[in-house]
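**Q** Prediction below, plus the sequence it came from.
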Amino acid sequence: MNRAQRGAAGSRGLGTMEVKSKFGAEFRRFSLERSKPGKFEEFYGLLQHVHKIPNVDVLVGYTDIHGDLLPINNDDNYHKAVSTANPLLRIFIQRKEDADYSAFGTDTMTRKKNVLSNVLRPDNHKKKPHIVISMPQDFRPVSSIIDVDILPETHRRVRLYKYGTDKPLGFYIRDGSSVRVTPHGLEKVPGIFISRLVPGGLAQSTGLLAVNDEVLEVNGIEVSGKSLDQVTDMMIANSRNLIITVRPANQRNNVVRNSRTSGSSGQSTESSLPSSTPNILGNLLQGEEESDEEDIIIEDSGEPQQIPKAAPTSESIESLSQIELLHESTQNGFLPSSEMNLNHSAGSISMEYEVPEPGRKPLEEDGTIITL
Amino acid sequence: MRRFLRPGHDPVRERLKRDLFQFNKTVEHGFPHQPSALGYSPFFRLMAIGTRSGAIKLYGAPGVEFMGLHEENNTVMQIHFIPDQCQLVTLLDDNSLHLWSLKQHKGASELREEHRFTLKGPPGSPPSATQVTAVLPHSSGEVLYLGTESGNIFVVELPSFRVLEDRTITPEAVLQWIPEDNCNRRSCELVEALREHPKNPDQILIGYSRGLIVLWDLQNNKATHHFLGSQQLENLYWQRDGSKFISCHYDGSYTQWPVSSDNRQSEPLENTVPYGPFPCKAISKIYWQTTKNGLPYIIFQGGMPRASYGDRHSISVIHGSQQTAFDFTSRVIDFFVIFSSDPAAEFEDPSALVVLVEEELVVIDLKSTGWPAVHPPYLASLHCSAITCSHHVSNIPLKLWERIISAGSKQNIHYSSMPWPIDGGTNIAPDPPQRDLLLTGHEDGTVRFWDASGVCLHLLYKLSTVRVFLTDADPNDNMNTLGEDEWPPLRKVGTFDPYSDDPRLGIQKIYLCKYSGYLAVAGTAGQVLVMELNDEDAEHVVDHAEADLLQDQEGYRWKGHEKLKTRDGPVRFEAGFQPFVLVQCHPPAVVTSLALHSEWRLVAFGTSHGFGLFDHQQKRLVFVKCTLHPSDQLALEGPLSRVKSLKKSLRQSFRRIRRSRVSSRKRRGGGGNTSEVQEANARFDQDALQEMELAPVQRKIEARSAEDSFTGFVRTLYFADTFLRDSSRHCPSLWAGTNGGTVYAFCLRVPPAERRMDEPVRAEQAKEIQLMHRAPVVGILVLDGRSTPLPEPLEVAHDLSKSPDMQGSHQLLVVSEEQFKVFTLPKVSSKLKLKLTALEGCRVRKVTVANFGSCKTDDYSENDLAVLTNLGDIQIISLPFLKLQIRYPCIRKEDVSGIASCVFTKYGQGFYLISPSEFERFSLSTKWLVEPRCIVDVPEVTSNNHVHNKSGTENAARKSSPGDCGEDERKSGRLMEHALLNDEKVLKEIQSTLEGSR
């Protein structure tokens, strides 16, 4: 919702917008009201109507401002497409049966245009391997940096969403020692560190964790005083929704908060952490409460179903859906509402905004900060 | 906002918790690991055993036990009681001496270390100058004579350990009195033995290692006699009247020497090599005791012919024409003879021989013909075959108890009927509140039934499952066959027999129904036996069935061991538990879970492949369910494919064990071989440590998946009569939990009693729950409408439990290694959970429902979960709300075998192995506490005047003690913490905080 509002705010003009839609060899042109694009379902129906293909399952794509062919299959990316269309929204429609999924992705449109240059300089093609972007229905959050506002700048809290991916978490931890500032001066204390990232694993692909990052907390619980095996067990137990607070070995990529002046990094020492711990924990627990319980029950060798919460209301029946929903529940790119709340309240940013846009407001002021 | 409240702030609950829970390690059962020294006080009739880890344990009459621990954790080399006093001196291998005493405190005796002392030589002297080799507590109780490696004998005052330097007996002083042509300075090196004259306390006999023996007059500081032994001396023994003494020697000979007033240099009366003429091993200790009939008892250790019997651990007893060489199962540590303690008695008249060998205690009755062994009431060798599993049953009905005892007594007829001869002290502990059985399964296919009600863990009955199977071992291989003319006349004694003929016979799971007397036992090769208690011997055929757990899985090959071969035809069984049904799983993998329902006559069993249900009434397999994941190749092929990693992990765990148990210790120079071995071990440990430091330990963080190995491994099975299908009708059900986090529920149809034999039992799968965190399911439990766990089978029928509430809705509790979850029934929806691992990084190893009663009122009790984690912590978690009540550190987390062996009782006690041969008993309950409480009376000793009024004081103590043995004293009871666990300090702190909070 956040994004949708942002998108609307960033639209370039009011009034109508021209749409050019292509299905096979046929083109259709029509216009949409930019301020009221409606829902994807309606748009989909409209396309089927204008192309006169009422019962054909199709795949809808559009070219964005960079010339990439991107799919439209939910409200979110539909709105994105509408808001970014400048001035024309180019739509490409394919039959689902003979859809070419690999057509989507970066440089997809430009590549086509540059066939000639590819032929002339074949090595050019090799240098830039074609990055395949999976279908947007598989889009889901993979990782995020959260709680930036309450953590010292030297720390980073990373959330890894193992749930729904086939990718391994893919990292190893080890014992080590780190230097802490204590009332008695500098002291060497044992710590837990990331020792290895598995190539292609979730941890590596997010770019948020690195070898030699010190692990400070796992899902809100401090690891100091815990053995390597204990921390391993905690991480594995939380593997479906793992939140690790690290002190990155490389401190140069830290999020810089504008609210604090340049000297702020000096203030963010260990001592500032404990005071904020209670509400951190609160946030995490809240997020956790509803996010990760999906035990499955099979009754009388029937269909597997998710086990509902024994809630007093009858709403629980709604969550009693097919096992396939396990995967589908996150397919539409929406976070479950509770997580959304969490992100919002904690003023989190998703990974795309790791390096904040200069024009953006300081994160702390972005949302309402709820301190519990 | 509730969740932000820190738990445990309800003051009422906090108070109640203090009335309900309390952690104590109360007593160690079994045989001390690695005993190293033995001592005996004939006056108090108390025996002391020291161990290599620095523990010292005192035993008297059954129930009289004390334990102490040397801070140094060094090997106890010698133990000496101070004559006629409740004190003893221990010598450790670091050459330190420790004085312990039994003092009465709040109505019970306690063993306390009073003083410690290390002999110091003059500056610059070699360590050997003060290396103590022999200790003689003088009968006056005031001084200690310490013989050293240098030949000096130091005199130390007690209890202050002040060295009386002017009284030191130097080799030079001794040599003055000995003709020079016979001896030189070297003759007086290393004091091997010191013995006080039995009649004249002013004379002591000094035996030097090279054979010289001197009778020294303490008053006049002179040698009155000297004896020139030609052989290296091992030990000395005075005859009772002081006219003769015996020396025993390294070459296997012993010599009798006369002590006459006229001859200052006697010649030996007799020199014998009992097992000559070929070279013999040393005789390291000898007793020569007189009897009324004039024939002495000569009892000595060793002396066997070196070539043919040099490897035997023997003690020989010669009495007239009778001679037996008792052949022990392990190395003899030491022995003593119990004889008439009356100093005025003319003859010693030995009654029993007590031998401490490395793995057990053997007592031989010398009064009865044939010298039978005495059945010890304590110090049982739990590990006579390695313990593979344990099962505890609380509150045994008297009838069953008596039947088990009667079956056991028929097995013990070869034991002597002599009352236990070590009977010092008085047990003042209250009688055990109930009859408890601890069943241990062993590697050799036996199940031992122990009386675990009180302080003495006592063997009641031993059951062997071997007879059902055809094994290579000949069951008639009697170890005690003794040929008529055999020489030496060896006789095997003792029960320690760690060598299993066939590892497949090992017992893995035990379930006993205390109401019906049905027992189910399952083993390593997939065998499940159902037994029934029969008071008579019987011969019958064991019904045999096979359960193919792989049923529809094709193309798998089991590479593990074969199944056990069964005996055809009827088998003769002795009175006791007799098997009538045998189910063999295919593939014959280890049985990993077992449940018996005696009311429905069903037994359920599970392996790494699946589980099955057998109707032992109709002797019919009801169903099997394969739980294998198709990709789980490891489980399919059996343990062989894992050999390499298993070996590696074994090696690692051995290293770990060695590192933790063998604290670096220097053995004294004379140790020879053993010290080299230990040094090598120490080096090895060092290497291993370095190796570990070089390769940094890494842990992979990876979510569990369905494809992980051994997900099909059935961890737990549970029978429940509950609402499985709908909320209107309840039915019998079977629940199974796997390593992969799956719970299967089967609805059972058991025909009513009158048609039980006519209609088959039917089963139908009703539910399958997959926990998404996929952690192994270690416990399943159904709570009734009042949130009380369902009673055991037949419990209600025997009026011992309220019938479960079938009106309110039932709940299902699933305990995985990581989480506790409560679901509603019959429609499974999640209600409550406690995520243990996510919060604390520990995993559940054992979980049991235990009933905790309040120590304040009799009418309050509640059910909670007692949980042991992989960190060795014990937690109590409330039911049904899953709130952590209390947590105690119990076992070191490195002690993997200790954690694996832990069993909880139904009333908040527990047992775990602290060594292969010892159970530590602990209690979580304020109400049920079994710990030793005993009194040893200290006579009023006036110096040199041995006036005892033993019976008098004892009576007085008896009268006074029961009155004031209130609750508070119990709390302050001393810690029974074993030497292997070095966290004594921590425990003390805990104890003190517990006491403080009371």
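**A** Sure thing, it's come through.

**Q** Need the pLDDT of the most far-flung residue of chain B relative to its centre.
**A** Most distant residue from the mean C-alpha position of chain B: B:D181, 55.4 Å away (Cα atoms, centre = their mean). The per-residue pLDDT reported for B:D181 equals 74.

**Q** same check, this time on B:D477
**A** For B:D477, the pLDDT comes out at 48.

**Q** same thing with the one 3 residues further on?
**A** Per-residue confidence at B:N480 stands at 47 (pLDDT).

**Q** What of the one 4 residues further on?
**A** B:E484 is assigned 53 on the pLDDT scale.

**Q** number of nearby residues for B:K625?
**A** Neighbour count for B:K625, taken as other Cβ atoms under 10 Å in any protein chain shown: 21. The C-beta positions use only the backbone N, C-alpha and C, and glycine is treated the same way.

**Q** Show me the shaky parts of the chain.
**A** Just so you know, I chose chain A. For chain A, the stretches flagged by pLDDT under 70 are A:1-14, A:98-140, A:163-165, A:255-293, A:301, A:311-372.

**Q** that's the wrong chain, I meant chain B
**A** Looking at chain B by pLDDT under 70, you get B:1-9, B:472-485, B:552-555, B:630-695, B:706-707, B:709, B:939-998.

**Q** And the residue of it closest to chain A?
**A** B:G841 (3.1 Å; Cβ to the nearest Cβ).

**Q** Need the three-state assignment for the nearest residue to that residue once chain neighbours are set aside.
**A** Excluding the flanking residues, the one nearest B:G841 by Cβ to Cβ, 6 or more residues apart in numbering or on different chains is A:Q230, at 3.1 Å. The three-state assignment at A:Q230 reads helix, by DSSP: H, G, I helix; E, B strand; the rest coil.

**Q** unless I'm mixing things up, A:Q230 is touching B:L871, no?
**A** Yes - with contact defined as Cβ atoms under 8 Å, A:Q230 reaches B:L871; the gap is 7.2 Å.

**Q** okay, and the common contacts of these two?
**A** Both A:Q230 and B:L871 are contacted by B:C842, under the criterion Cβ atoms under 8 Å, 6 or more residues apart in numbering or on different chains.

**Q** The residue nearest to B:G841: neighbour count?
**A** Other residues within reach of A:Q230, judged by other Cβ under 10 Å, total 21.

**Q** which ones are touching the nearest residue to B:S381 once chain neighbours are set aside?
**A** Take B:S381 and drop its neighbours on the chain: the residue closest to it by Cβ to Cβ, 6+ apart is B:E360, 4.1 Å away. By Cβ under 8 Å, 6+ apart, the contact list for B:E360 reads B:31, B:329-330, B:379, B:381, B:384, B:494-496.

**Q** if you set the cut-off to 6 Å instead, what comes out?
**A** Neighbouring residues of B:E360 by Cβ atoms under 6 Å, 6 or more residues apart in numbering or on different chains: B:31, B:381, B:494, B:496.

**Q** Neighbour-wise, give me the winner out of those residues.
**A** B:F31 (27 neighbours).

**Q** my guess is B:S917 contacts B:S385, does it?
**A** No - B:S917 is beyond contact range of B:S385, at 11.3 Å (criterion: Cβ atoms under 6 Å).

**Q** what ranges do the strands span in the stretch 851-998 of chain B?
**A** Assigned strands in the stretch 851-998 of chain B, in chain order: B:861-869, B:873-878, B:884-889, B:903-904, B:909-915, B:918-925, B:934-935 (criterion: DSSP state E, counting those that start in this stretch).

**Q** if we look at the last one, which residues are touching it?
**A** Contacts with strand B:934-935, where a contact means Cβ under 6 Å, 6+ apart, come from B:64, B:109, B:425-428, B:957.

**Q** Serialize the residues you listed to a markdown table and add fields for distance to chain A.
**A** Formatted as a markdown table, the contacts of strand B:934-935 follow (distance: Cβ to the nearest Cβ, whole Å):
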| residue | distance to chain A |
| --- | --- |
| B:V64 | 41 |
| B:S109 | 41 |
| B:G425 | 44 |
| B:T426 | 47 |
| B:N427 | 43 |
| B:I428 | 43 |
| B:A957 | 48 |
